[in-house]
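[1] Whatever this is, show me its structure:
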Amino acid sequence: MNNLKKIILMGALVFAQIGLGQTREDAFAKSYLNEKAMKYTDAVNDIKSIYDAKKYEDNLRLGYLHYLNKNYLESQNYYLKAIDLMPFSIEPKLGIVMPYTQTGNISGIKTQYMNILKIDPQNATVNYDLGYLLYNAKDYTSALGYFEKVVNLYPFSYYAVLMDAWCHLKLGKYPQASLLFNKVLLISPGDPSAKEGLGLIK
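    Next comes the predicted model:
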């Protein structure tokens with residue numbers, strides 16, 4: 001009799017777990033549908049109905065949905081929770097850059113980019129974006145290092161080669177700049193930015 005009770009109890013637990021899994025899956029499915037329909041508040045509420053603060057996926061999803069709904073501070077909070085839960089994951093670090101960009105948190109962006117590069121030093125997207133931030137801050141020497149890393153990975157990439165060329169020009173390294181601007185013209189014949197750069201080289 002005791003064994004029968006144990007079997008019934010175990011069966012109930014299994015069904016409860018399956019039901020819980022379906023509930024979470026259903027909540028995410030509804031959330032995706034509402035996101036597609038641009039009903040972001042409803043999409044947030046779908047996830048909140050099954051939200052578990054210890055679940056990486058819940059926090060990542062809410063970070064993104066709050067960003068879409070232009071609730072940038074809420075978005076940051078959930079992305080930070082996802083980062084805390086999985087410190088070596090890259091996606092929430094890239095994700096939090098979106099609300100940071102909207103709120104003008106350049107320091108936060110740089111911090112997350114540097115954290116990503118500690119995990120993935122060859123990340124082309126982050127190297128390029130960090131180089132671009134530094135270029136706009138007129139720190140051409142630092143920017144050059146990041147652009148050159150991308151160019152070494154993707155030697156025929158338009159944006160990377162172009163920004164590498166402009167960095168060399170700003171640093172007065174004219175032969176290298178000329179070489180790179182001419183390479184840009186092979187990638188994008190007649191490119192106005194490359195022609196402008198070449199026109200500035202004496």
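
[2] can you count the residues close to residue 108?
    16 (other Cβ atoms under 10 Å). Any C-beta I mention is one placed from the backbone N, CA and C, and that applies to glycine too.

[3] give the contact list for it.
    Taking Cβ atoms under 8 Å, 6 or more residues apart in numbering, we find residue 108 in contact with 96, 100.

[4] can you tell me how far it sits from residue 149?
    22 Å (Cβ to Cβ, to the nearest Å).

[5] cool, residue 31 as well?
    Counting by Cβ to Cβ, the gap from residue 31 to residue 149 is 37 Å.

[6] can you check residue 84 too?
    Relative to residue 149, and taking Cβ to Cβ, residue 84 is found at 29 Å.

[7] Of the two, which one has the most company?
    residue 149 (22 against 11).

[8] Excluding chain neighbours, give the residue nearest to the more buried one in space.
    residue 127 (4.8 Å; Cβ to Cβ, 6 or more residues apart in numbering).

[9] Number of residues surrounding that neighbour?
    Using other Cβ under 10 Å: residue 127 sits among 25 other residues.

[10] what's the helix or strand harbouring it in contact with?
    Secondary structure from DSSP states H and E places residue 127 in helix 124-136. Identification of contacts with helix 124-136 by Cβ under 8 Å, 6+ apart yields 94, 97, 106, 109-110, 113-114, 116-117, 120, 140, 142-147, 149-150, 153-154, 159-160, 163, 166-167, 170.

[11] From the residues you listed, list the buried ones, please.
    Neighbour counting by 16 or more other Cβ atoms under 10 Å classes 94, 97, 109-110, 113, 116-117, 140, 143-144, 146-147, 149-150, 160, 163, 166-167, 170 among the contacts of helix 124-136 as buried.

[12] Okay, and which of the residues you listed map to helices?
    Residues from these lying in helices, with DSSP state H as the criterion: 94, 97, 109-110, 113, 116-117, 140, 143-144, 146-147, 149-150, 160, 163, 166-167, 170.

[13] residues in contact with residue 98?
    Counted by Cβ under 8 Å, 6+ apart, residue 98 has contacts 67, 75.
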